[in-house]
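Student: Below are the sequence and a predicted model; questions follow.
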Amino acid sequence: MTEQPSKNNIPGFSRAKRRLFFLVAIFLSLVVIELGSAIIFKVLIPDAAKANIRALIGIGDFPVQNLSNSFWHHEFNPAHPNYKNNLNSKGTLGPEFPIEKLKDELRILCIGDSTVEGFGVEPDKTFPIYLEKILRENIQHFPDYRTVTVINGGVGSHNSAFSLAYLAFRLLHFNPDAVIIKSSYNDYLPYIIPGMTYDYTHAFPNPYYQIKSTSPYWYLARYSKFFQLVGIVLFRDEVAVPFRNFSGHLTKDLFQGMDISSNENKFFVYAENIRSMILLCEGRGMDVFIVDLPTSPNPEHFGRDRTFGIRYKDLIKRFEGEERRVAREEKVTFIETGSFDQNDFWDHVHTTASGNRKIAESVASVLLETLGENNSNSDQAD
């Protein structure tokens, strides 16, 4: 009886089978890696990072987009992950409030940049939130009022010109009793950006139309979640800062070339913007308070190149000096905050929750003394 040859003895079958098995194994491994990456991407990657990656690879409707008739790009986008559930119907951060102020309501407006908005902390740990809490706990010091509302009018990247416009065209409509001005670190821009005029009448570049990748990697990542995950590590700065062409991006090179004394008109315009805010408010019978501009006491927040830190601090001191001068000339109260330690800042100017609480305590102390005293005087006059 003749023995039938086995499949393993057929010439070429074993090699073909191994190749097929190898190819199938590779394919299944890639499928598992891609599916696993998709799950990780969906569950673990923050919404903001997802939006930035979609912008870099050029697909989808990412939530960071231009809004018509906004101040530069600084009207909060309700679709952005940072603001999606934190904006009220008036477009400001915080709980709802009526446009018309209640008769027994003490209404305080805080206006400024990202240090007022509360960039870097949870929505319930901003300086205006802490201020409202402190004032409500001490409502007995205001005999004419039964409740307190503090409106957060801070918008990240606003300079003094934008704060002035925002105050005039929107925030004054809320008719606050007192306005707290804490503005603005962002007036440094004309000192370091070539061609940027000090009067802010020039056209700013809109970063929402300047999103572009600086590496061809993202063209490949367009088709793979795995490559997108790897790209987050390899090109972290591109993911974190998709608007990398924005002229306001801080760099040490820009600060090294900054000449604070090159144009005193820049300080003049800054001071007059602050003065205009004061006059707008006082013209409507509102009390005005100006808050100082603290910077971090931690040298590491300014990088290893001390030129950056020294030049920036000197510029902020000049701005604060202009604030003090205008406050003195217009006879409004200037509030000094602090003292701060390294735990009160998470970068060069943005405060942590503890820093925001200290600012709120300093402001509340002055308001309790000043507004409480005014109420007492009005009672005596009546």
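Tutor: Sure thing, it's come through.

Student: Do you have the strands of this protein handy? List them.
Tutor: Secondary structure of the chain, counting by DSSP state E: strands at 105-112, 147-154, 178-182, 287-291, 333-335.

Student: partner strands of the last one, parallel or antiparallel?
Tutor: Sheet pairing of strand 333-335 (DSSP bridges) gives strand 287-291 (parallel).

Student: quick one, helices of the protein?
Tutor: Secondary structure of the chain (DSSP state H): helices located at 13-44, 47-57, 114-117, 127-137, 160-169, 189-192, 217-221, 225-234, 236-240, 252-256, 264-282, 306-330, 353-381.

Student: would you list the ones you listed in JSON lines and tack on mean neighbour count, distance to Glu75 and mean pLDDT?
Tutor: To be clear about C-beta, it is placed using only N, CA and C from the backbone, and glycine gets the same treatment. Output for the helices of the chain, formatted as JSON lines (neighbours: other Cβ atoms under 10 Å; distance: least, Cβ to Cβ, whole Å; pLDDT from 0 to 100):
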{"stretch": "helix 13-44", "mean neighbour count": "11", "distance to Glu75": "30", "mean pLDDT": "89"}
{"stretch": "helix 47-57", "mean neighbour count": "20", "distance to Glu75": "18", "mean pLDDT": "76"}
{"stretch": "helix 114-117", "mean neighbour count": "25", "distance to Glu75": "12", "mean pLDDT": "95"}
{"stretch": "helix 127-137", "mean neighbour count": "22", "distance to Glu75": "18", "mean pLDDT": "98"}
{"stretch": "helix 160-169", "mean neighbour count": "20", "distance to Glu75": "9", "mean pLDDT": "91"}
{"stretch": "helix 189-192", "mean neighbour count": "21", "distance to Glu75": "19", "mean pLDDT": "77"}
{"stretch": "helix 217-221", "mean neighbour count": "18", "distance to Glu75": "28", "mean pLDDT": "85"}
{"stretch": "helix 225-234", "mean neighbour count": "18", "distance to Glu75": "29", "mean pLDDT": "90"}
{"stretch": "helix 236-240", "mean neighbour count": "15", "distance to Glu75": "23", "mean pLDDT": "71"}
{"stretch": "helix 252-256", "mean neighbour count": "15", "distance to Glu75": "26", "mean pLDDT": "72"}
{"stretch": "helix 264-282", "mean neighbour count": "19", "distance to Glu75": "19", "mean pLDDT": "93"}
{"stretch": "helix 306-330", "mean neighbour count": "17", "distance to Glu75": "24", "mean pLDDT": "90"}
{"stretch": "helix 353-381", "mean neighbour count": "17", "distance to Glu75": "23", "mean pLDDT": "81"}
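
Student: Looking at the ones you listed, which is nearest to Val179?
Tutor: For these, proximity to Val179 was assessed by Cβ to Cβ; helix 264-282 is nearest, at 4.7 Å.

Student: elements contacting that closest one?
Tutor: helix 160-169, strand 178-182, strand 287-291, helix 306-330 (3 or more Cβ pairs under 8 Å, 6 or more residues apart in numbering; DSSP states H and E).

Student: Take those and write them to TSV, including distance to Pro299.
Tutor: Formatted as TSV, these follow (distance: least, Cβ to Cβ, whole Å):
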stretch	distance to Pro299
helix 160-169	27
strand 178-182	24
strand 287-291	24
helix 306-330	6
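
Student: I'd like to know which of those lies nearest to Leu254.
Tutor: helix 306-330 (9.1 Å).
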